[in-house]
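> sequence? don't have it. structure:
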Ligand code: G1P
């Protein structure tokens, strides 16, 4: 079955970026001139996703407005012949109804956020994208994963190597059999101390999940940090169905972290010829 739906958990408070996120959703923080959530949505649409499911919380109105048409703004830009700007503000989602919002009314964790989308997803495999993980790649990472899914027909998540002292920030896998693009996951643990970590291979915020995951998410069992963790549900799932880690082509920036977010801004700005020309000499000057 094709992957048609993608879930975007966007209910987080973004406390790491306060005060910037006091009155603005953290997913609306911009890398160059686009909110980080837009990069993730564009990635999903480029991978053929047809339905965008946002799991939101209170105070996320700006996010909803961002993905809607703003007819007044469009009219003004058209009258002023600002064609490029007009193109950039037109809604990415051309067909009404292919964006759905549901609410996570309590902050019970990532696993719980995904579970909140269960009725909208229904009985089909689906994608999950965490906007904090911004990935610069030639082929959108979700597209790479969907191709691998067509081969493996199993749940998977993007993985990357992290330094051993960082394991406490990620879901970490115990790798089994390895093939070209993927590694079979033997077990998974959420945010282990370096001494307990089964490897330094970390889950990154791109997942393809079979609907069976909802069974385990719905058990409401609390894990690391007292939260309902996706990693714990996947650990249960893999006793029943194969789960794979996918080694993607691309460079990932952790936009949930101040340093990672700044690096993403520099990297994505240097990709734009007009900005590169101005920035490169100045950055070099700063580093000397
Ligand atoms: C979440 C997941 C974790 C994963 C990480 C990737 O953690 O729980 O398993 O490794 O995303 O970014 P969070 O960053 O929400 O703490």
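Great, that's in hand. Just so it is clear, the structure is predicted and the values come from calculations on it, not from any experiment.
> confidence score at residue 61?
What the model reports for residue 61 is a pLDDT of 86.
> The ligand versus that one, what's the distance?
From residue 61 across to the ligand, the span is 22 Å (Cβ to the nearest ligand atom, to the nearest Å). C-beta coordinates here come from the backbone N, C-alpha and C atoms, glycine included.
> Could you do residue 31 as well?
Counting by Cβ to the nearest ligand atom - residue 31 and the ligand are separated by 16 Å.
> Would you mind naming the residues that bridge with that residue?
Note on residue 31: beta-bridge partners by DSSP bridges are residue 34.
> Compute the number of surrounding residues for it.
22 (other Cβ atoms under 10 Å).
> hang on, isn't it packed against residue 255?
Yes: contact criterion Cβ atoms under 8 Å: residue 31 and residue 255 qualify, at 6.9 Å.
> Provide the backbone phi and psi angles at the residue of the chain most remote from its centre.
The outermost residue of the chain, judged against the average C-alpha position, is residue 79 (36.2 Å), by Cα atoms, centre = their mean. The phi and psi values for residue 79, taken as degrees, to the nearest 10, are phi -60, psi -30.
> Low-confidence regions, this structure specifically.
By pLDDT under 70, the low-scoring segments of the chain are 91, 93-95.
> Geometric centre of it: which residue is closest?
The residue lying closest to the centre of the chain (Cα atoms, centre = their mean) is residue 130, at 2.1 Å.
> Now that residue. Nearest residue, chain neighbours left out?
The shortest distance from residue 130 to any non-neighbouring residue, by Cβ to Cβ, 6 or more residues apart in numbering, is to residue 205 (2.6 Å).
> so what's residue 100 up against?
Residue 100 makes contact with 51-54, 120, according to Cβ atoms under 8 Å, 6 or more residues apart in numbering.
> In ChimeraX, how would I select just the buried ones from these?
In ChimeraX syntax, the buried subset of the contacts of residue 100 is picked out as below (16 or more other Cβ atoms under 10 Å):
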select :51,52,53,54
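> quick one: which of the contacts of residue 100 is nearest to the ligand?
residue 54 (16.0 Å; Cβ to the nearest ligand atom).
> hang on, the closest one in a strand?
Yes: counting by DSSP: H, G, I helix; E, B strand; the rest coil, one finds residue 54 located in a strand.
> For residue 175, see how far away it is.
Distance, residue 54 to residue 175, using Cβ to Cβ, to the nearest Å: 32 Å.
> Which positions in this structure make contact with the ligand?
110, 130, 132-133, 170-171, 190, 202-205, 229-231, 256 (Cβ under 6 Å from any ligand atom).
> And these, which is closest to residue 18?
The shortest approach to residue 18 among those belongs to residue 256, at 13.2 Å (Cβ to Cβ).
> My understanding was that that closest one contacts residue 16; is that so?
Yes: under the criterion of Cβ under 8 Å, residue 256 makes contact with residue 16 at 6.6 Å.
> Find residues that contact each of those two.
Jointly contacting residue 256 and residue 16 under the rule Cβ under 8 Å, 6+ apart are residue 26.
> what bridges to the residue in the chain that the ligand sits nearest to?
Evaluated by Cβ to the nearest ligand atom, the chain has residue 171 as its residue closest to the ligand, separated by 2.5 Å. Beta bridges link residue 171 to residue 190, judged by DSSP bridges.
> Go ahead and confirm it touches residue 230.
Yes: the criterion here is Cβ under 8 Å, and residue 171 meets it with residue 230 at 7.4 Å.
> Comparing those two, which shows the higher neighbour count?
residue 230 (31 against 26).
> separation between the residue lying closest to that one once chain neighbours are set aside and residue 207?
Excluding its sequence neighbours, the residue lying closest to residue 230 (Cβ to Cβ, 6+ apart) is residue 111, at 4.4 Å. Here residue 111 is placed at a distance of 11 Å from residue 207 (Cβ to Cβ).
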